[in-house]
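*Asks:* A predicted structure for the sequence below; I have some questions about it.
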Protein chains: 2
Amino acid sequence: MVSRKKQITLAEIAKQLGVSTATVSLALQNKPGISEKTRLDVLEMAKRLGYVYNRSAARLRMQRSFTIGLIVPNLLNPFFTELTNSVEERIEAEGLSLLLAKTSEDPHRQQKAVQSMLEYRVDGLLICPAIGTRAADLQILLDARLPFVLYTRSLKGLPADYVGTHNKKGTQIATEFLLKRGHRRIAFIGGLSTSLTRKERFAGFRDALQKAGIPLIDTLNIPCETSIKGGYESIQLALRSQPNPSAVVCYNDIVAFGVILGLWASRIAPGKEFPVIGFDNIADASIWSPPLTTLSAPPGLIGQEAVKLLLKRISSPDSPPEKVILSPTLVVRESCT
Amino acid sequence: MVSRKKQITLAEIAKQLGVSTATVSLALQNKPGISEKTRLDVLEMAKRLGYVYNRSAARLRMQRSFTIGLIVPNLLNPFFTELTNSVEERIEAEGLSLLLAKTSEDPHRQQKAVQSMLEYRVDGLLICPAIGTRAADLQILLDARLPFVLYTRSLKGLPADYVGTHNKKGTQIATEFLLKRGHRRIAFIGGLSTSLTRKERFAGFRDALQKAGIPLIDTLNIPCETSIKGGYESIQLALRSQPNPSAVVCYNDIVAFGVILGLWASRIAPGKEFPVIGFDNIADASIWSPPLTTLSAPPGLIGQEAVKLLLKRISSPDSPPEKVILSPTLVVRESCT
DNA sequence: ACAATTAACTAAATCGATTAAGTTTGACTA
DNA sequence: TAGTCAAACTTAATCGATTTAGTTAATTGT
């Protein structure tokens, strides 16, 4: 072990100045009851000694951590990184810190992450339940009376705040848009068939077709992994099927990107010859080539709303649970002209 | 304020069992000197009362936070999210937690983030200096004797551990590869002209040309923003210039993605008709269309190495600074057949 | 000029876990 | 049977900032 330089504490500053620690503490916090001269003396001495505030001590005493926990399923998916990005920004603007954990869609790891957040006494928690999570798994949060907000994925049976997207409405709008332009053979591509979100998004697609009296073509409903590769392979599959599609509604933007690449590779110009619609409106959507027409329910906004709701929950822990369901709007760009 | 349920502490468990807090603490830590029966009693009572370990208290006492700080410039860039992802994994495997902050390439915000990390008494810090950072800005870390590791971007004049990539060697390999295949008009696309990394990567490109006696063509050296859009626009510019290029070495994978999209849009098949080489080998590179030939220096690996180095630094704070420079290897995929 | 008020500061308890330095108990030894 | 020793526990100090309930000294009002 190395000879640690002695920690500079409030007490050390107080000793140097011949005042009490209370005075030093109040001075540093800019609280009333301290003369201007003393305050300046304290500030200067703190700087001179290289004092660094010890949050662990303050937290213990104040019973607050000034930290918000964020649990995401996945950090390689732009949806969640964009969300993380915006959450970090809001949190930092509030003078709080961000404790990050990811579950890799594993409920077991999620349990460990939740436990860890409780031990850290985070002031609040944002969590997108890993696939396979049961309401009972998160009951511990209610028991511990930890303010938390679910985002993107809800959990029936868990009375909790939630911020999400009106999935069904979104794909409905998109599908109607394509129908109005005369398309009759529209594919729905992407999303794992086990995903609740996919079920909702597909439902909007199906309902729009139904309302228009267009029959659903099974071979044009293609679930796949939520990745560029998934979209790339699925569109090629769709193009080879009979009847083949003249347009695509995608599970989300990532899949749409793959679809676009697949179209290019098949020498079909996405947009001009073949419309593609995504979902989410992640940052890359607008700079893609062609720029992606998509249902705007941007992860950044979801993150912001989630933080907003969480702060509200923290300040009034006993108000009834609130749900914020964002209505996606269709942003028309060149992938659908 | 709500009537908080009384916190369950070690003392509460001790009281219920009629033992001392020391016993409870030792039992929960599985330390020797406690009988098996008592240990089980403690565990059961802890569970029954819903006890949650208070890390703030433990930290204060132990003078360790069991937390590692990670400062990234940007969370929207896959390079950094992949790195964050791998760091999170390593950290969690060590039983530590991850405190995340981003600088948005703003040295001022970086300063605040660093300060925050010090106040949290993180056990160690991984930091990629924001553009414009001076060695003096991070001197505070040395003064505070906080173990830290720089990654991806070094900082001359700061004696510190560093994990990065041999940039020059990478682009040199890539350029030689293209030269060997007969290309004489090779473009170098991407990266901001102010970036040190760009300077290094460009130097490798230039040297390879020089060694082969091929003159550098100024109009084929095109700096641009590190984004899909930047690559997309730059390749179109390059294709219109005289002489126009027959192949491209890109600043990184993101730019290469944009270049590929730009080629598709110009009805040129990337790979088959026009080779494109990226740099970094981010996860998307292998699933792109066409799969990207790139210099593998994956962010996940850099993250892992950085964590490894940091843990080493933590356990021996006074050993001399170490540099880990990863040599990129060319991974040939279809974008360059 | 004396009580009342205010400004400036202090003493000391507090948050909850950890751990060094004891103390007690019982078993085993010589 | 006294002495040794280990096992199983306890006592109490400790980490460092915060904050309540004071105390002191100076200022104001009448």
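*Replies:* Received the coordinates, thanks. Residues are numbered from 1 along each chain as shown, chains lettered A, B, ... in the order given.

*Asks:* going forward, measure contacts between C-alpha atoms and count neighbours the same way
*Replies:* OK.

*Asks:* A:Ile287 against B:Ile228, yeah?
*Replies:* Yes: using CA atoms under 8 Å, A:Ile287 makes contact with B:Ile228 at a distance of 6.7 Å.

*Asks:* grab the nearest non-local neighbour of A:Leu155.
*Replies:* A:Ala135 (6.1 Å; CA to CA, 6 or more residues apart in numbering or on different chains).

*Asks:* let me see the contact set for that neighbour.
*Replies:* Applying CA atoms under 8 Å, 6 or more residues apart in numbering or on different chains, we find A:Ala135 in contact with A:Leu155, A:Lys156, A:Gly157, A:Leu158.

*Asks:* buried members of those into ChimeraX, please.
*Replies:* Buried subset of the contacts of A:Ala135, written as a ChimeraX selection, criterion 16 or more other CA atoms under 10 Å in any protein chain shown:
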select /A:155,158
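
*Asks:* of all the contacts of A:Ala135, which comes closest to A:Gln7?
*Replies:* A:Leu158 (45.8 Å; CA to CA).

*Asks:* what about the closest one, which SS state?
*Replies:* What DSSP: H, G, I helix; E, B strand; the rest coil gives for A:Leu158 is coil.

*Asks:* angles on the backbone of it, please.
*Replies:* Backbone dihedrals for A:Leu158, given as degrees, to the nearest 10, come out at phi -120, psi 110.

*Asks:* just to revisit the earlier point, among A:Ile287 and B:Ile228, which residue is more densely surrounded?
*Replies:* Comparing A:Ile287 with B:Ile228 by other CA atoms under 10 Å in any protein chain shown, the one with more neighbours is B:Ile228, at 24 against 15.

*Asks:* helix/strand/coil for the nearest residue to that one once chain neighbours are set aside?
*Replies:* Among residues not flanking B:Ile228 along the chain, B:Gly258 sits closest, at 3.9 Å (CA to CA, 6+ apart). Assigned state for B:Gly258: helix (three-state reduction, three-state DSSP).

*Asks:* next one: A:Ala283 from chain B, what distance?
*Replies:* Per CA to the nearest CA, to the nearest Å, A:Ala283 is found 8 Å from chain B.

*Asks:* can you pull the phi/psi pair for that residue?
*Replies:* phi -60, psi -40.

*Asks:* what does the stretch 151-300 of chain A have sitting close to chain B?
*Replies:* The interface of the stretch 151-300 of chain A toward chain B, taken as CA under 8 Å from any CA of the partner chain, is made up of A:228-229, A:232, A:258, A:261-262, A:264-265, A:267, A:269, A:284, A:287-289.

*Asks:* domain boundaries for chain A, per the record?
*Replies:* Domains of chain A are assigned by automatic domain parsing as A:10-53, A:64-165+A:299-327, A:167-296.

*Asks:* of all those domains, which one is nearest DNA strand D?
*Replies:* domain A:10-53 (3.4 Å; CA to the nearest atom of the strand).

*Asks:* right, is that closest one up against DNA strand D?
*Replies:* Yes: among the residues of domain A:10-53, A:Leu10, A:Ala11, A:Thr21, A:Ala22, A:Thr23, A:Ser25, A:Leu26, A:Leu28, A:Gln29, A:Val52, A:Tyr53 lie within reach of DNA strand D under CA under 7 Å from any atom of the strand.

*Asks:* ok, the first one touching A:Val24?
*Replies:* If I follow you right, that is A:Leu10. Yes: A:Leu10 lies in contact with A:Val24 (CA under 8 Å); the separation is 6.4 Å.

*Asks:* so the two - more neighbours on which side?
*Replies:* Higher neighbour count among A:Leu10 and A:Val24: A:Val24, with 25 against 21, using other CA under 10 Å.

*Asks:* put the alpha carbons of whichever strand or helix holds the more buried one into CSV.
*Replies:* Using DSSP states H and E, A:Val24 sits in helix A:21-28. What follows is helix A:21-28 as a C-alpha-only set of coordinates in CSV (Å, rounded to 0.1, in the frame of the first residue of the first chain):
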residue,chain,number,x,y,z
THR,A,21,-16.6,22.4,10.6
ALA,A,22,-20.2,23.7,10.6
THR,A,23,-19.0,27.1,9.4
VAL,A,24,-17.0,25.5,6.7
SER,A,25,-19.8,23.4,5.5
LEU,A,26,-22.3,26.2,5.5
ALA,A,27,-19.9,28.5,3.7
LEU,A,28,-19.2,26.0,1.0
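
*Asks:* so which bits of chain A are right by DNA strand D?
*Replies:* Taking CA under 7 Å from any atom of the strand as the test, the list of chain A residues beside DNA strand D reads A:7-11, A:21-23, A:25-26, A:28-29, A:52-55, A:57-58, A:60-62.

*Asks:* now, which of the residues of domain A:10-53 next to DNA strand D lie close to chain B?
*Replies:* Answer for the residues of domain A:10-53 next to DNA strand D near chain B (CA under 8 Å from any CA): A:Val52, A:Tyr53.

*Asks:* what separation is there between A:Cys224 and A:Thr337?
*Replies:* Remark: distance between A:Cys224 and A:Thr337 (CA to CA, to the nearest Å) = 26 Å.

*Asks:* so these two - more neighbours on which side?
*Replies:* A:Cys224 (18 against 14).

*Asks:* after the strand or helix carrying A:Arg48, next one along is what?
*Replies:* Assessed by DSSP H and E, A:Arg48 sits inside helix A:36-49. Sequence order places helix A:55-62 as the next helix or strand after helix A:36-49, per DSSP H and E.

*Asks:* can that following helix be said to contact DNA strand C?
*Replies:* Yes: for helix A:55-62, a contact with DNA strand C is found by CA under 7 Å from any atom of the strand, at A:Ala57, A:Ala58, A:Leu60, A:Arg61, A:Met62.

*Asks:* for A:Ile91, give me its contacts.
*Replies:* A:Ile68, A:Ser97, A:Leu98, A:Val307.

*Asks:* scratch that, A:Trp264
*Replies:* A:Pro270, B:Trp264, B:Ala265.

*Asks:* list the buried residues of the helix or strand containing it.
*Replies:* Using DSSP H and E, A:Trp264 sits within helix A:253-265. The neighbour-count check on helix A:253-265 (16+ other CA under 10 Å) flags A:253-265 as buried.

*Asks:* put the alpha carbons of it into PDB.
*Replies:* What follows is helix A:253-265, C-alpha atoms only, in PDB (Å, rounded to 0.1, in the frame of the first residue of the first chain):
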ATOM      1  CA  ASP A 253     -35.300   2.200 -38.300                       C
ATOM      2  CA  ILE A 254     -32.500  -0.300 -37.900                       C
ATOM      3  CA  VAL A 255     -34.300  -2.900 -39.900                       C
ATOM      4  CA  ALA A 256     -35.300  -0.200 -42.500                       C
ATOM      5  CA  PHE A 257     -31.600   0.600 -42.900                       C
ATOM      6  CA  GLY A 258     -31.000  -3.100 -43.700                       C
ATOM      7  CA  VAL A 259     -33.900  -3.100 -46.100                       C
ATOM      8  CA  ILE A 260     -32.500  -0.100 -47.900                       C
ATOM      9  CA  LEU A 261     -29.100  -1.700 -48.200                       C
ATOM     10  CA  GLY A 262     -30.700  -4.800 -49.500                       C
ATOM     11  CA  LEU A 263     -32.600  -2.900 -52.100                       C
ATOM     12  CA  TRP A 264     -29.500  -1.100 -53.300                       C
ATOM     13  CA  ALA A 265     -27.800  -4.500 -53.600                       C
END
